[in-house]
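Visitor: Any chance you could fold what I've pasted below:
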Amino acid sequence: MEDLHASGELPAVLHELRDLLDLSALTVTGETLGERLGSGPVWVDREVVRPLDSPSRPEGGLVWLQGSLAPAGALIKRSAADPALFETTGRAVVFSSLADLAERIDDPELDVTASDVLVLQNAGPIGAGMPEAGYLPIPGKLAKAGVPPPPPAPATGYRRLFHEHVLGADEGCDFDFCRL
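Guide: Next up is the predicted model:
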């Protein structure tokens, strides 16, 4: 495996973020992050690793959401949503899980309109393995109007451990049994 200091890119990114990091955290080498980073990279290609005060884009790629529907917070990939939706108010139609979504999304009696906001809860690391899945299907009755069953839990192995013990994104997606 290539030494991180030899490749330069990862230490350069971490060096840029060092004021935001806990430099006393231990790394897999047994050193603290501060010891591992040292004084930083010797040379940085600023077209690849931009300084914090000069980002390549004015806004980040991820948005952290908080509110009554996501009390512990939630992540959304900025490019997964129409920018007009970032600041919007509307009635929320909430699906509590992937199973709830599968069961109700095409129900002709679903109380939903084109101006509603669809919310899928519990589809993070515990509910769905932290997918990059921003896709919520259009309810059947809305699709017909022209507006544009989940697998069982794993019985054994790593997938079962992950399904039963992984913590949420707000807690680092770590296993609950690995916490001190």
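Visitor: Run through the helices of the protein in chain order.
Guide: Ranges of helices in the chain, per DSSP state H, are 4-7, 9-17, 33-37, 98-104, 125-128, 140-144, 157-165.
Visitor: List the buried residues for the second one?
Guide: So the one you mean is helix 9-17. 11, 12, 14, 15, 16 (16 or more other CB atoms under 10 Å). (Each C-beta comes from the backbone N, C-alpha and C, glycine too.)
Visitor: what's the closest of the helices of the chain to residue 25?
Guide: helix 33-37 (4.9 Å; CB to CB).
Visitor: what's in contact with the closest one?
Guide: Here helix 33-37 makes contact (CB atoms under 8 Å, 6 or more residues apart in numbering) with 4, 11, 14-15, 18, 21-27, 29.
Visitor: any idea which of the residues you listed is least confident?
Guide: pLDDT across these is lowest for residue 4, at 43.
Visitor: Which elements pack onto the biggest strand by length in the chain?
Guide: Using DSSP state E to define each element, the chain has its longest strand at strand 70-77. Counting contacts by 3 or more CB pairs under 8 Å, 6 or more residues apart in numbering; DSSP states H and E, strand 70-77 packs against strand 62-67.
Visitor: Just list what the strand it packs on packs against, helices and strands only.
Guide: Using 3+ CB pairs under 8 Å, 6+ apart: strand 62-67 touches strand 70-77.
Visitor: Give me the domain ranges for this structure.
Guide: For the chain, the structural domains run 1-56, 81-180, going by automatic domain parsing.
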